[in-house]
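> Quick one, fold the following:
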Amino acid sequence: MNKKYDYLIVGSGLFGSVFAHEAKKKGKICLVIDKRNHLGGNVYCEKIEDINVHKYGAHIFHTNDKKIWDYVNNLVEFNRYTNSPVANYKGELYNLPFNMNTFYQLWGVKTPEEAKNKIQEQIQDLNITNPSNLEEQALSLVGKDVYYKLIKGYTEKQWGRKATDLPAFIIKRLPVRFTYDNNYFNDNYQGIPIGGYNKLVDALLEGIETITDVDYFENREDWNTKADKIVFTGRIDEYFGFKYGKLNYRSLKFETEILDTDNFQGNAVINYTDSETPYTRILEHKHFEFGNQKKTVVTKEYSQEWEEGKEPYYPVNDSLNNDLFNRYKELSKNESNVIFGGRLAEYRYYDMHQVIASALKKATDLI
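Model prediction:
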């Protein structure tokens, strides 16, 4: 029996959308379904007060891969947004990432040599030779002032654990710059689609049939009859009915409000690095696109434990979860008609350019 579609793509995030786009270029017929009421997965933007609100947290596109940069820029035009977050520690403001501006704000030092000496002095005083946890690891890299003001509280909120209970390997290195440079990313290419990420997703899915508000698992057998192959971008453990147990994630909670001012905080991202403030950061969305609307929309972002019913955002790639994922990955090799891809199906923390690269590679290898 000839099936109506070549590919059923479960999930319309960047992996599913890029794969569908590539498949269509090769003459394949795709159907893309999503359980949310919109397309685009976590890059989706909601228009509020004429501002593109990053509904699932800040998404800043950055890459060193010219091919990926050209790929997305052939679809939509990107602006020149540069990620330069500010840290708020109990009302004191510091530039991020750690650079000469930060060191001047902390200690009044004005030369790289003074800054290096200050950090070195603090590290030596601690006598940490073999860091046994994240706190010791961070202290041994940047000393106590940077750690206690800019790392400890933020990291503990992000992970919901004390820094002394987190493994040292989470922080392999901490980028420290001895230049006056507030550009968070070192990548050559950086920006945000003009008009928001929905423009990018719409361009990828142009001419492709899509259905939102449907849960693949509620009618799995029926969906499987519609296409020769399935591209699955959801949770790999759910695909296999949680046969070996559930993989763990960190989740996020967002509180978004409209404020009757044209500029609330003067920056797109301000991190709250003390432990008393319950949220990790405040986003002011208009600054992602240099907006001059009369009102502004801000989002407080809280990190939280994931449980069923919450969105899974960040895989917890500790040894226990990675071992569990590898068992599911072995099972996936038996599914000859299914392609697994994306952050949830590959249980990896992917940046956007990495998701796109993964989808392009699988499309090239498998279509």
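
> what residue ranges in the stretch 1-150 of the chain score low on pLDDT?
Applying pLDDT under 70 to the stretch 1-150 of the chain flags residues 1-2.

> who does the helix or strand Ser251 falls within touch, helix- and strand-wise?
Element membership of Ser251 [criterion: DSSP states H and E] is strand 249-259. Where contact means 3 or more C-beta pairs under 8 Å, 6 or more residues apart in numbering; DSSP states H and E, strand 249-259 is packed against strand 296-305, strand 314-315. C-betas here are computed from N, CA, C, even on glycine.

> Comparing these by mean pLDDT, which bottoms out?
For those, mean pLDDT drops lowest on strand 314-315, to a mean of 91.

> quick one, helices of the stretch 201-350 of the chain?
Secondary structure of the stretch 201-350 of the chain (DSSP state H, counting those that start in this stretch): helices at 220-224, 236-239, 319-332.

> Throw those helices into TSV and include mean neighbour count, thanks.
TSV is the format used below for these (neighbours: other C-beta atoms under 10 Å):
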stretch	mean neighbour count
helix 220-224	12
helix 236-239	21
helix 319-332	14
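
> Please tabulate those helices in CSV and include mean pLDDT and distance to Thr364 as additional columns.
Shown next, in CSV, are the helices of the stretch 201-350 of the chain (pLDDT from 0 to 100; distance: least, C-beta to C-beta, whole Å):
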stretch, mean pLDDT, distance to Thr364
helix 220-224, 95, 25
helix 236-239, 98, 22
helix 319-332, 95, 19
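
> hmm, back to that, can you list the helices and strands packed on strand 249-259 in TSV and add mean neighbour count?
Output for the helices and strands packed on strand 249-259, formatted as TSV (neighbours: other C-beta under 10 Å):
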stretch	mean neighbour count
strand 296-305	18
strand 314-315	19
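
> Tabulate those strands (a markdown table), appending distance to Tyr349.
Shown next, in a markdown table, are the helices and strands packed on strand 249-259 (distance: least, C-beta to C-beta, whole Å):
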| stretch | distance to Tyr349 |
| --- | --- |
| strand 296-305 | 14 |
| strand 314-315 | 6 |
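
> Next, the residue nearest to Leu14 when sequence neighbours are not counted: phi, psi?
What sits nearest to Leu14 in space, not counting adjacent residues and going by C-beta to C-beta, 6 or more residues apart in numbering, is Val355, at 4.5 Å. Torsion angles at Val355 (phi, psi; degrees, to the nearest 10) stand at phi -60, psi -50.

> Would you mind measuring from Val355 to Thr233?
9 Å (C-beta to C-beta, to the nearest Å).

> repeat for Asp260
For Asp260, the distance to Thr233 - C-beta to C-beta - is 39 Å.

> Compare the two (neighbour count), which wins?
Set Asp260 next to Thr233 and count neighbours by other C-beta atoms under 10 Å: Thr233 wins out with 28 against 8.

> The residue nearest to the more buried one when sequence neighbours are not counted: how many residues sit nearby?
Once flanking residues are discounted, Thr233 sits nearest to Gly11: 3.4 Å by C-beta to C-beta, 6+ apart. Gly11: 25 surrounding residues under other C-beta under 10 Å.

> dump the residue contacts of Gly11.
Under the criterion of C-beta atoms under 8 Å, 6 or more residues apart in numbering, the neighbours of Gly11 are 32-34, 41, 232-234, 342, 344.

> can you check Lys35 too?
By C-beta under 8 Å, 6+ apart, the contact set of Lys35 is 213-216.

> Save these as TSV, and put in pLDDT too.
Compiled in TSV, the contacts of Lys35 are given as follows (pLDDT from 0 to 100):
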residue	pLDDT
Asp213	98
Val214	97
Asp215	97
Tyr216	98
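
> measure the nearest residue to Leu331 once chain neighbours are set aside to Phe78 for me?
Spatial nearest neighbour of Leu331, excluding adjacent residues (C-beta to C-beta, 6+ apart): Phe240 at 5.5 Å. Distance of Phe240 to Phe78, given as C-beta to C-beta: 38 Å.

> pretty sure Lys26 is touching Ala20, no?
No. Assessed by C-beta atoms under 8 Å, Lys26 is found out of contact with Ala20, at 11.0 Å.

> Please identify which of the two sits among more neighbours.
The neighbour comparison of Lys26 against Ala20 (other C-beta under 10 Å) goes to Ala20, with 26 against 10.

> Quick check: that one vs Gly341, distance?
12 Å.

> got any residues that touch both of these two?
Contacts common to Ala20 and Gly341, judged by C-beta under 8 Å, 6+ apart, are Val231.

> how many neighbours does Asp215 have?
Other residues near Asp215 come to 14 when the count uses other C-beta under 10 Å.

> got the phi/psi numbers for the nearest residue to it once chain neighbours are set aside?
Computed as C-beta to C-beta, 6+ apart, the closest residue to Asp215 that is not its neighbour in sequence is Lys35, at 4.5 Å. Dihedral pair for Lys35: phi -80, psi -20, per degrees, to the nearest 10.

> quick one: Lys35 and Pro97, what's the gap?
Lys35 is 36 Å from Pro97, by C-beta to C-beta.

> what do you get for Tyr56?
23 Å.

> Now Phe78: closest residue in space, sequence neighbours ignored.
Gly191 (3.6 Å).

> The one you found contacts Tyr81, doesn't it?
Yes. The criterion here is C-beta under 8 Å, and Gly191 meets it with Tyr81 at 5.3 Å.
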